[in-house]
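Undergrad: pasting a predicted model and its sequence here:
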Amino acid sequence: MSLINVGSIQKPHGIKGEVKVFLKTDFAKERFKKGNEIILKLNGKEEKLIVDTSRMHKGSLLLKFVGLDSLNDVEFHHKGELFVEDAVRHELPKDEYYFSELVGLSAFNEGVELGEIIEMIDNPAHPIMRIKTPERDILVPFLKVFVAAVDLEAKRVDINWMEGL
């Protein structure tokens, strides 16, 4: 079973079992609907939780899980990572990709392998690929002007190299 990281717990909020969540998904309303199953990974252990309530508060998501009704129930969940099963992933339009699909792919320029994409950075202007090369890490904007092609089956991204990258 493949999992998608959709958020991380920052800290408890209040005394009724809510936690403040840093979102790592663009589909928060669907992912954190009442009754949805979320997998919490913390300290090498996995726990399945059911969403009881979710609401936005000052730019962050506040979540409450079924059966966790007090501060004592959630106080040690901070820094836990929240996941959903890959099977619930939304279908994206052509030429759009999930970051998790791109991390691990090889980056090429004119047929020469540059290195591996080790991270996708969610920059407000546009996503950025961090490519690990033998010499150093390079940052390449994930824009059509820089990305010639993405082939998920071949596990490669072809880049239009420009001076200064």
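TA: Nice, thanks for sending it over.

Undergrad: my guess is F142 contacts R130, does it?
TA: No. With contact defined as CB atoms under 8 Å, F142 and R130 do not form a contacting pair (10.6 Å). (C-beta placed from N, C-alpha, C; glycine too.)

Undergrad: between these two, which has more neighbouring residues?
TA: Ranked by neighbour count (other CB atoms under 10 Å), F142 and R130 place F142 first, with 20 against 16.

Undergrad: re earlier: overlap of the contact sets of F142 and R130?
TA: With contacts defined as CB atoms under 8 Å, 6 or more residues apart in numbering, the residues shared by F142 and R130 are M120.

Undergrad: just the helices in this protein please.
TA: Shown for the chain, the helices assigned by DSSP state H span residues 28-31, 71-74, 99-102.

Undergrad: now the ones you listed as CSV including mean pLDDT and mean neighbour count?
TA: CSV is the format used below for the helices of the chain (pLDDT from 0 to 100; neighbours: other CB atoms under 10 Å):
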stretch, mean pLDDT, mean neighbour count
helix 28-31, 86, 16
helix 71-74, 94, 16
helix 99-102, 88, 16
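
Undergrad: select the longest strand from the protein.
TA: Using DSSP state E, we find that the single longest strand of the chain is strand 45-57.

Undergrad: residues making contact with that one?
TA: Outside of strand 45-57, the residues that reach it under the criterion CB under 8 Å, 6+ apart are 13, 18, 20, 28, 32-40, 61-68.
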